[in-house]
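J.: turn this into a structure:
(one chain, ligands or ions: 4)
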Amino acid sequence: MNNPNLIVDLHCHSTISDGLLSPAQLVHHASEKGVNVLALTDHDDIAGLDEARQKASQMNMIFINGVEISVTWQKRTVHIVGLNFEANNQNLKNHLEMIRQGRDDRAKRMSHALGLAGIEQAYEGAMKYAQSGILGRIHFARYIVEKGFAKDIKSVFKKYLTQGKPGYVEHQWASLEDAVGWIRDAGGAAVIAHPGRYDMGNKLYPRLMSDFKVAGGVGIEVVSGSQDPSQSHFFADMADQYDLLASCGSDFHGPGISHREMGRLFQFPNQCQPIWMDWHLPEVKIN
Ligand code: AMP
Ligand code: MN
Ligand code: MN
Ligand code: MN
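T.: Ligands and ions are numbered 1, 2, ... in the order given. Below is the predicted model:
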């Protein structure tokens, strides 16, 4: 069950959303870093799964279908990772398409807002960086750096793209209940992504966990590239308390721009039940 040969990464991004590597390049990179169980989890899109699965099979890796869905919960944006679902589920595909249309609408509003702050043609500029056409804040950030309004991506977010800043626009994503429902309907497992990033405090975290459980969610990223070991322990305890399984993922977006490299994650605290516990993964052989 807890096979020590498994090096698992269940959260990363390709050029289908806001990563720098194509799905095949990303799988190759993961393999070089020793990962042998991998899920590709692009934002609101599953168009990269076929290419990634094919490459993973060439590299003798176990590939898990994945997606990261943006939801609005209590007026906050929360990310839900869907894992191990049926990729040809029409209901899931239709709803992801709707979210992407909403993304495009948001991108136009962001572009307008940035225009008012003196950054012109941002929609067109961001689009140059979005290879598959789905626009995220990172694509805007790259354009803003290109135009010299900030020195790097991190400072663009700080200066322009986070709540209260000139290029930030409110957006209504899917509801938590809907997103978890679509993932379940497609036979998958819903997981709360990078819980440490939400900064919710003592009241809201328990509410999120219980709303998520009621909706049918089953797991939480106890280990994430953006969390340190003390956060892992905090969320491992929360997983215990709410009877949730533990997931782990780097949230890798590309070499040099991610919190943590693939295959270099912290271990789960001992009490955790890995989300892949009942997935019947094939044996992983180590050369
Ligand atoms: P979006 O879904 O378009 O709102 O973009 C969210 C994405 O932006 C996240 O998945 C990260 O890839 C990236 N992001 C968010 N905050 C930051 C930050 N402070 N610095 C760099 N990238 C960030
Ligand atoms: Mn991202
Ligand atoms: Mn995320
Ligand atoms: Mn992510």
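J.: residue in the stretch 151-287 of the chain nearest to ligand 1?
T.: As assessed by Cβ to the nearest ligand atom, ligand 1 sits closest to F157 within the stretch 151-287 of the chain, at 3.5 Å. In this view, the C-beta of every residue, glycine as well, is placed from N, C-alpha and C.
J.: tell me the contacts of the residue lying closest to that residue once chain neighbours are set aside?
T.: Excluding its sequence neighbours, the residue lying closest to F157 (Cβ to Cβ, 6 or more residues apart in numbering) is A141, at 6.4 Å. Contacts here follow Cβ atoms under 8 Å, 6 or more residues apart in numbering; on that basis A141 touches 150, 153, 156-157, 160-161.
J.: could I get those as TSV with pLDDT?
T.: Shown next, in TSV, are these (pLDDT from 0 to 100):
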residue	pLDDT
A150	97
I153	93
V156	97
F157	97
Y160	98
L161	98
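J.: of all those residues, which comes closest to ligand 3?
T.: Closest approach to ligand 3 among the contacts of A141 (Cβ to the ion): F157, at 13.2 Å.
J.: SS state for that closest one?
T.: Following DSSP: H, G, I helix; E, B strand; the rest coil, we place F157 in the helix state.
J.: hmm, back to that, pretty sure the residue of the stretch 151-287 of the chain closest to ligand 1 sits against R137.
T.: Yes. Look at F157 against R137 with Cβ atoms under 8 Å: they come within range, at 7.2 Å.
J.: could you list everything I220 pairs with in the sheet?
T.: I192, A246 (DSSP bridges).
J.: for the residue of the stretch 101-250 of the chain at minimum distance from ligand 4, what are its contacts?
T.: Proximity to ligand 4, evaluated over the stretch 101-250 of the chain using Cβ to the ion, is greatest for A193 at 6.1 Å. A193 makes contacts with 11, 41, 68, 78-81, 221, 224, 249, 251, as judged by Cβ under 8 Å, 6+ apart.
J.: make it 7 Å
T.: 11, 68, 79-81, 221 (Cβ atoms under 7 Å, 6 or more residues apart in numbering).
J.: restricted to strands, list the residues you listed.
T.: Among these, the ones falling in strands (DSSP state E) are 68, 79-81, 221.
J.: for PyMOL, what selects the buried ones among those?
T.: Applied in PyMOL, the following selects the buried portion of the ones in strands among the contacts of A193 according to 16 or more other Cβ atoms under 10 Å:
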select buried, resi 68+79+80+81+221
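J.: now render the ones in strands among the contacts of A193 as a markdown table, adding distance to M262 and pLDDT.
T.: Converted to a markdown table, those look like this (distance: Cβ to Cβ, whole Å; pLDDT from 0 to 100):
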| residue | distance to M262 | pLDDT |
| --- | --- | --- |
| E68 | 16 | 98 |
| H79 | 18 | 98 |
| I80 | 21 | 99 |
| V81 | 16 | 99 |
| E221 | 15 | 98 |
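J.: and the ones in strands among the contacts of A193 as CSV, adding distance to A30?
T.: Listed next are those as CSV, based on distance: Cβ to Cβ, whole Å:
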residue, distance to A30
E68, 16
H79, 20
I80, 22
V81, 16
E221, 17
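J.: of all the ones in strands among the contacts of A193, which comes closest to A126?
T.: E68 (19.2 Å; Cβ to Cβ).
J.: circling back to that earlier point, residues contacting the nearest residue to the residue of the stretch 101-250 of the chain closest to ligand 4 once chain neighbours are set aside?
T.: The shortest distance from A193 to any non-neighbouring residue, by Cβ to Cβ, 6+ apart, is to H79 (3.8 Å). By Cβ under 7 Å, 6+ apart, the contact list for H79 reads 68, 70, 193-194.
J.: and with 8 Å instead?
T.: By Cβ under 8 Å, 6+ apart, the residues touching H79 are 68-71, 192-194.
J.: now distance to ligand 1 too, for the residues you listed, in JSON lines please.
T.: Shown next, in JSON lines, are the contacts of H79 (distance: Cβ to the nearest ligand atom, whole Å):
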{"residue": "E68", "distance to ligand 1": "7"}
{"residue": "I69", "distance to ligand 1": "10"}
{"residue": "S70", "distance to ligand 1": "6"}
{"residue": "V71", "distance to ligand 1": "11"}
{"residue": "I192", "distance to ligand 1": "14"}
{"residue": "A193", "distance to ligand 1": "9"}
{"residue": "H194", "distance to ligand 1": "9"}
